[in-house]
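1. Model the following, please.
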Amino acid sequence: MDRDRDLISKSAAILIVEDDEDARSALAEVLEMSGYAAVGVSNGLEALGYLKDSQQLPSLIILDLMMHGMDGWEFRRLQKRDSKLAHIPVIVVTALNGARIDANEIMVKPLDIESFLGVVKQYAGGQRG
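-> Residues are numbered from 1 along each chain as shown. Have a look, this model is predicted:
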């Protein structure tokens, strides 16, 4: 994670909030192979702490819903209440088909990578890093 923290300090990265380490690493790898900087944290509480400590906020948040500690619903509720963080777009990536949450996009796992990257580009812009 220290490598991830270094990446986000250099550019507006994409923050991945996902408790499954393999899924988090796979998402980061896909994003980095597409030219984006990516950083991962394991739950909503860790994400909020990270965002509050960041000198440069991410351009986009990829958010899982079901996580230990603080889940995605609680994270999103608190993010929207914080004027410093509320403007950051959120793409929810979840295994829950039909999940209800106020987000810019909701994508159901397993992801179609091309569709996922298209949505990322829509909210984060072109390649970064």
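2. List the residues that contact the residue lying closest to residue 57 once chain neighbours are set aside.
-> Leaving aside its chain neighbours, residue 57 sits nearest to residue 88 (6.1 Å; criterion: CB to CB, 6 or more residues apart in numbering). For glycine as for every other residue, the C-beta is placed from the backbone atoms N, C-alpha and C. Contacts for residue 88 (CB atoms under 8 Å, 6 or more residues apart in numbering) come out as 57, 58, 59, 60, 61, 79.
3. now the strands for this structure?
-> 14-17, 38-41, 60-63, 90-94, 105-108 (DSSP state E).
4. Including distance to residue 53, mean neighbour count and mean pLDDT, could those strands go into TSV?
-> Below are the strands of the chain laid out as TSV (distance: least, CB to CB, whole Å; neighbours: other CB atoms under 10 Å; pLDDT from 0 to 100):
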stretch	distance to residue 53	mean neighbour count	mean pLDDT
strand 14-17	12	28	98
strand 38-41	11	24	96
strand 60-63	15	26	98
strand 90-94	19	22	97
strand 105-108	26	17	97
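5. can I get these in JSON lines with distance to residue 69?
-> Listed next are these as JSON lines, based on distance: least, CB to CB, whole Å:
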{"stretch": "strand 14-17", "distance to residue 69": "10"}
{"stretch": "strand 38-41", "distance to residue 69": "10"}
{"stretch": "strand 60-63", "distance to residue 69": "13"}
{"stretch": "strand 90-94", "distance to residue 69": "16"}
{"stretch": "strand 105-108", "distance to residue 69": "21"}
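6. which one of those strands lies closest to residue 121?
-> strand 60-63 (9.9 Å; CB to CB).
7. contact partners of the closest one?
-> Under CB under 8 Å, 6+ apart, the answer for strand 60-63 is 14-18, 27, 47, 72, 75-76, 79, 88-93, 103, 120, 123-124.
8. Need the outlier residue of the protein, farthest from its centre.
-> Most distant residue from the mean C-alpha position of the chain: residue 98, 19.5 Å away (CA atoms, centre = their mean).
9. just the helices in this protein please.
-> 2-10, 21-33, 44-53, 72-81, 113-124 (DSSP state H).
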